[in-house]
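Engineer: sequence plus predicted model, see below.
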Protein chains: 2
Amino acid sequence: MNLGRDEIGQRSETVRRANLSAIVRALHEGGPLSRSELVARTGLTRSAIRDLIGELASAGLAVEEGPVRLGTPGRPSPLVRIEPEGGVALALEIAVDSLAVALVGLGGTVFERVRVDRPRGHSAVDDVVADLVGLVADVRARRPAIDPVMGIGVAVVGVVRRADGLVSMAPNLGWRDAPLGERLAAALGMGIPISVANEADLGVLAEHRRGEAVGVDDVLYLSGEVGVGGGLIVDGLPLTGAAGYGGEVGHVPFDPDGAPCRCGSTGCWETLVGEGALLRLAGHPSASGRAAVDAVLAEAAGGSPQALAALAHVGRWLGIGLAGLVNVLDPRLVILGGLFGRIHPFVRDSLEGELDRRALAAPRALVRVVPARLGADAPLLGAAELALEPLLADPAARVGLRDALAELVSA
Amino acid sequence: MNLGRDEIGQRSETVRRANLSAIVRALHEGGPLSRSELVARTGLTRSAIRDLIGELASAGLAVEEGPVRLGTPGRPSPLVRIEPEGGVALALEIAVDSLAVALVGLGGTVFERVRVDRPRGHSAVDDVVADLVGLVADVRARRPAIDPVMGIGVAVVGVVRRADGLVSMAPNLGWRDAPLGERLAAALGMGIPISVANEADLGVLAEHRRGEAVGVDDVLYLSGEVGVGGGLIVDGLPLTGAAGYGGEVGHVPFDPDGAPCRCGSTGCWETLVGEGALLRLAGHPSASGRAAVDAVLAEAAGGSPQALAALAHVGRWLGIGLAGLVNVLDPRLVILGGLFGRIHPFVRDSLEGELDRRALAAPRALVRVVPARLGADAPLLGAAELALEPLLADPAARVGLRDALAELVSA
């Protein structure tokens, strides 16, 4: 076996980069950890972790604090913390009723966040982009010291091609094949990478990193307001599909001969369980938005038969659709976001009843259905995670590893 | 940076094991390759590949043949081939109408294969196990020189818990919570690992490794006879779900108020597109099996309005369900196996029409629907792949890498 020193060097660099990434991810997702906890989470040796922490500290990505007594017997252990300012992303969100921008650092630290109402209905791409550019300037002006920003993540209520941020379809905005990524890049002019993704795909990412689904590897996140979207985590990784279009659970035809859907088909799930169906059945046919839904919930709490029947109907169809998705995906957790998180107490029984009836016994026994923990900000926080991903995947690009390794090889 | 020699050794061993795995996988899946092709496929250096091939050759896993002219200009390149006898698995299949056993080597070489009819209907687990044990003895007796067998893979028409091969539900066999893995292990008494999985999950694995889906990372395989099953490849990897129950697309309620399903629910996809629906609509209500389906296809080819209407109905519902699954999964390829592969020419138009109407434009544009290439043996071949997986994942366990590396470290 002839393994030359150069080759050892190259291989070791590959391994070392992976190890740095493992540590940064552990701290980013798990919060401050002792060296022992890092050993347990990464499988690396104590001495390797000591060296790697030293490198991360000198690159400004992590800091080790003096020994802290953890409440357990034995020697106090120093805690390693991520440095939030070591990597900062801009997170943008285009929701049905609002626009939001946040400045988010490693570890999920939100430095600044602003959310403004947007009127429902169609908007020109360039108008939305102009509004977002204004919000970005506002947010950055509040924190001039935070610079540079390393990437931009964008959550949008639409079907998105990941490669370039083309929004193939966004009925709430009236967009078809809208080049959102391209327009934002030009208008922001920051010269840093922009990643655009569907809001439910980012919602599940955030819930998986720091919400209800931490440590759960098979998750279905259901997001709903006017439209109904889904975000999937499969075996610990986001399911995006061939081009990022996956997760459009709102357009599964659970009642194929039913009502027309905005997508052009009929009987899609969103015609059965979306905000429009709930309000129509509850007798609020001309209303829309959060206030109208709150009114229905108040009526239901007051015992209104029509409101209760409307919620039971939505709950039944939620359960029917979820049963089908549970049979296909065998998730351990279903997270109800947006509208569905708010109505959960009222639909729980009918939903669980349909799951019992229609999901196969084996996957049924494993799955829990819970409301989202991060609430309305989940997609925005997920957008930050998306933008931070390159740094998490290869912090060595920042650490200047090659130099250090060159030293080793020539030593 | 203090990276000790022992640590370099440990890390290099990790990398080297991964590299051996990459080469064995490339040869197993891609057939004989030149060193240049291996460089292109694995990203390793020529010198690393030379050394690794040497190790694989001395372990009996690969062989390098004399330079062969490939029809391209330049120096003839030696071809590296996998050694089929370097790793041999037993593949078993419990299908609706048959039992099968094969002895399969690395590279997918089928040394022996036997398939026998089994009467439809319920069978005791122990009877099926006894039949399989007989077939295994038969197949092994034909090739006494092939020994040892390194693992056993089992495909079964049922919902399977991967961890231990418990068959949670198999309506075609009449099984509920049948401990198939355990019973087979005891009855075969071979003392080697047994992995059990759903037949559609293994069908898609085989089509992905050496069938219609080679090189395609997002695939939905639809398998149907009496029941309807699905196998999913997501981002290049099998989707099994939290416990291996995923892919049960036959039990998505696309017509929730429809006919009762064997699973206890109503209006499941398999009540709409399975063999039973086709035969009933075609006026063969008491018939079943491949011959009855062939009769319907012959009538349709002869212009029978009832047979054509039955096929159009099945095609329409196939398209409705596939549209929903395309919206959720964004696959690049849908492969029709079993019954659906055979009826594909007759249902293509109605199926594609519903996809056009109901799948969102963006994922619709990316997906192709094709019949399976490997035919009825796909699940059996997938079972062999499952059993060979530990060797593919870590051929170093066979190569005796640790010894070689110990030499390097002490050199």
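Structural biologist: In hand now; what should we look at?

Engineer: relative to A:Glu389, how far out is the closest residue to chain B within the stretch 51-200 of chain A?
Structural biologist: When scored by CB to the nearest CB, the stretch 51-200 of chain A has A:Ser168 as its residue closest to chain B, at 3.7 Å. The way it works is simple: take the backbone N, C-alpha and C, and place the C-beta from them, glycine included. Here the criterion is CB to CB, to the nearest Å. By it, A:Ser168 lies 22 Å from A:Glu389.

Engineer: which of the two has more neighbours?
Structural biologist: Using other CB atoms under 10 Å in any protein chain shown, the more surrounded residue of A:Ser168 and A:Glu389 is A:Ser168, with 20 against 16.

Engineer: partner strands of the helix or strand that contains that one, with direction?
Structural biologist: In this assignment (DSSP states H and E), A:Ser168 forms part of strand A:166-170. If you go by DSSP bridges, strand A:166-170 pairs up with strand A:159-161 (antiparallel), strand A:175-179 (antiparallel).

Engineer: could you dump the helix or strand following the longest one to CSV, C-alpha only?
Structural biologist: The first helix or strand that comes after strand A:175-179 along the chain, using DSSP H and E, is helix A:180-188. Taking only C-alpha atoms (Å, rounded to 0.1, in the frame of the first residue of the first chain), the coordinates of helix A:180-188 have been written out as CSV:
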residue,chain,number,x,y,z
LEU,A,180,-38.0,36.1,-8.3
GLY,A,181,-34.5,35.1,-7.5
GLU,A,182,-33.1,37.0,-10.4
ARG,A,183,-35.0,40.2,-9.7
LEU,A,184,-34.1,40.2,-6.1
ALA,A,185,-30.5,39.7,-6.8
ALA,A,186,-30.5,42.6,-9.2
ALA,A,187,-32.5,44.9,-6.9
LEU,A,188,-30.5,44.1,-3.8
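
Engineer: which non-adjacent residue is nearest A:Gly60?
Structural biologist: Spatial nearest neighbour of A:Gly60, chain neighbours left out: A:Gly86 (5.0 Å); criterion: CB to CB, 6 or more residues apart in numbering or on different chains.

Engineer: so what's the one you found up against?
Structural biologist: A:Ala59, A:Gly60, A:Leu61, A:Ala62, A:Gly105, A:Leu106, A:Arg398 (CB atoms under 8 Å, 6 or more residues apart in numbering or on different chains).

Engineer: enumerate the residues of the stretch 251-400 of chain A near chain B.
Structural biologist: Residues of the stretch 251-400 of chain A lying close to chain B (CB under 8 Å from any CB of the partner chain) are A:251-256, A:263-265, A:320, A:323-325, A:327-332, A:357-363, A:366-367.

Engineer: out of these, which are inside strands?
Structural biologist: Among those, no member falls in strands (DSSP state E).

Engineer: three-state assignment of the one residue in the stretch 101-250 of chain A that gets nearest to chain B?
Structural biologist: Nearest to chain B, among the residues of the stretch 101-250 of chain A, is A:Gly241, at 2.3 Å (CB to the nearest CB). Taken by DSSP: H, G, I helix; E, B strand; the rest coil, the conformation at A:Gly241 corresponds to coil.

Engineer: CA atoms only: put stretch A:44-56 into PDB for me.
Structural biologist: Extracted C-alpha coordinates of stretch A:44-56, given in PDB (Å, rounded to 0.1, in the frame of the first residue of the first chain):
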ATOM      1  CA  LEU A  44     -14.800  12.600  17.500                       C
ATOM      2  CA  THR A  45     -12.000  12.200  20.000                       C
ATOM      3  CA  ARG A  46     -11.500  14.800  22.800                       C
ATOM      4  CA  SER A  47      -8.100  15.800  21.400                       C
ATOM      5  CA  ALA A  48      -9.500  16.300  17.900                       C
ATOM      6  CA  ILE A  49     -12.400  18.400  19.300                       C
ATOM      7  CA  ARG A  50      -9.900  20.500  21.300                       C
ATOM      8  CA  ASP A  51      -7.900  21.300  18.200                       C
ATOM      9  CA  LEU A  52     -11.000  22.000  16.000                       C
ATOM     10  CA  ILE A  53     -12.500  24.300  18.600                       C
ATOM     11  CA  GLY A  54      -9.300  26.200  18.700                       C
ATOM     12  CA  GLU A  55      -9.500  26.700  14.900                       C
ATOM     13  CA  LEU A  56     -13.200  27.700  15.100                       C
END
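
Engineer: follow-up on the earlier one: of the strands paired with strand A:166-170, which stretch is the most buried?
Structural biologist: Compared across the strands paired with strand A:166-170, strand A:159-161 shows the largest average neighbour count, a mean of 27 (mean count of other CB atoms under 10 Å in any protein chain shown).

Engineer: picking up where we left off before, so what pLDDT did the residue nearest to A:Gly60 get?
Structural biologist: With respect to pLDDT, A:Gly86 has a value of 93.

Engineer: ok, A:Arg398 next?
Structural biologist: Looking at A:Arg398, its pLDDT is 73.

Engineer: also A:Ala243?
Structural biologist: On the pLDDT scale, A:Ala243 is placed at 89.
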